[in-house]
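Enquirer: need a 3D model of the sequence below.
(one chain, ligands or ions: 1)
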Amino acid sequence: PVNTINFTVNGEKYSVGGEVSSCTTLLDYLRRYLELRGTKYMCLEGGCGACIVNVTKKPGEPSQSVNSCMVLITSCADWDINTIEKVGNRKDGYHVLQKALADNNGTQCGYCSPGWIMAMYSILKNRRPTMLQVEQSFGSNICRCTGYRPILETFKRFSS
Ligand code: FES
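Expert: Next up is the predicted model:
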């Protein structure tokens, strides 16, 4: 149908149409409709990074971090979206970034951890960043336990 939006989440194809309100954000869709609750919410205004997912908007384009609280599901046509559940999980095994963050005590309450992982994962998908680029990327996420040092030390291990 003309008014259907198609996209992929974690390798699965989805279509949405009239059954989903046009006010639904990507974050709401992931959590409420797909029950992917590893993507967190906090500020709901693009400032904290708890809701970051990885998106490739068109095949061949670089992938990027997207604050899913700031995007309506109607904007996601043809996007390839990956969430923390795809990156790593208990059943299939954790991603090297997740293991490193946990091993280096980079999670405290843990609420912001998926967003941090998804931000760094999105960078690493395109290139190996320099240490400076890792530091500069830290503007995208907030840790309210203020445990920035171990997170930074962990992610610098993945820099060039
Ligand atoms: Fe989306 Fe804070 S909940 S940036």
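Enquirer: any buried residues in the longest helix seen in the chain, and which?
Expert: Longest helix of the chain, by residue count under DSSP state H: helix 113-126. By neighbour count, with 16 or more other Cβ atoms under 10 Å as the criterion, the buried positions of helix 113-126 are 113-124. Placement of C-beta: from N, CA and C, glycine included.
Enquirer: helices or strands next to it in the packing?
Expert: Applying 3 or more Cβ pairs under 8 Å, 6 or more residues apart in numbering; DSSP states H and E, we find helix 113-126 packed against strand 52-56, strand 64-67, helix 84-87, helix 96-103, helix 131-137, helix 148-156.
Enquirer: and the residue nearest to the spatial centre of the chain, what does it touch?
Expert: Centroid-nearest residue in the chain: Val53, 2.2 Å away (criterion: Cα atoms, centre = their mean). By Cβ atoms under 8 Å, 6 or more residues apart in numbering, the contact list for Val53 reads 26, 30, 39, 65-66, 68, 81-84, 118.
Enquirer: if I look at it, how far off is Arg90?
Expert: Distance, Val53 to Arg90, by Cβ to Cβ, to the nearest Å: 19 Å.
Enquirer: now do the same contact list for Tyr33.
Expert: Val20.
Enquirer: got the phi/psi numbers for it?
Expert: Per-residue torsions, Tyr33: phi -90, psi -40 (degrees, to the nearest 10).
Enquirer: tell me the pLDDT of the nearest residue to Glu135 once chain neighbours are set aside.
Expert: Leaving aside its chain neighbours, Glu135 sits nearest to Leu152 (6.9 Å; criterion: Cβ to Cβ, 6 or more residues apart in numbering). pLDDT, Leu152: 95.
Enquirer: for Lys40, same thing?
Expert: pLDDT, Lys40: 98.
Enquirer: is it located within a helix, as I assumed?
Expert: No - assignment of Lys40 by DSSP: H, G, I helix; E, B strand; the rest coil gives coil, placing it outside any helix.
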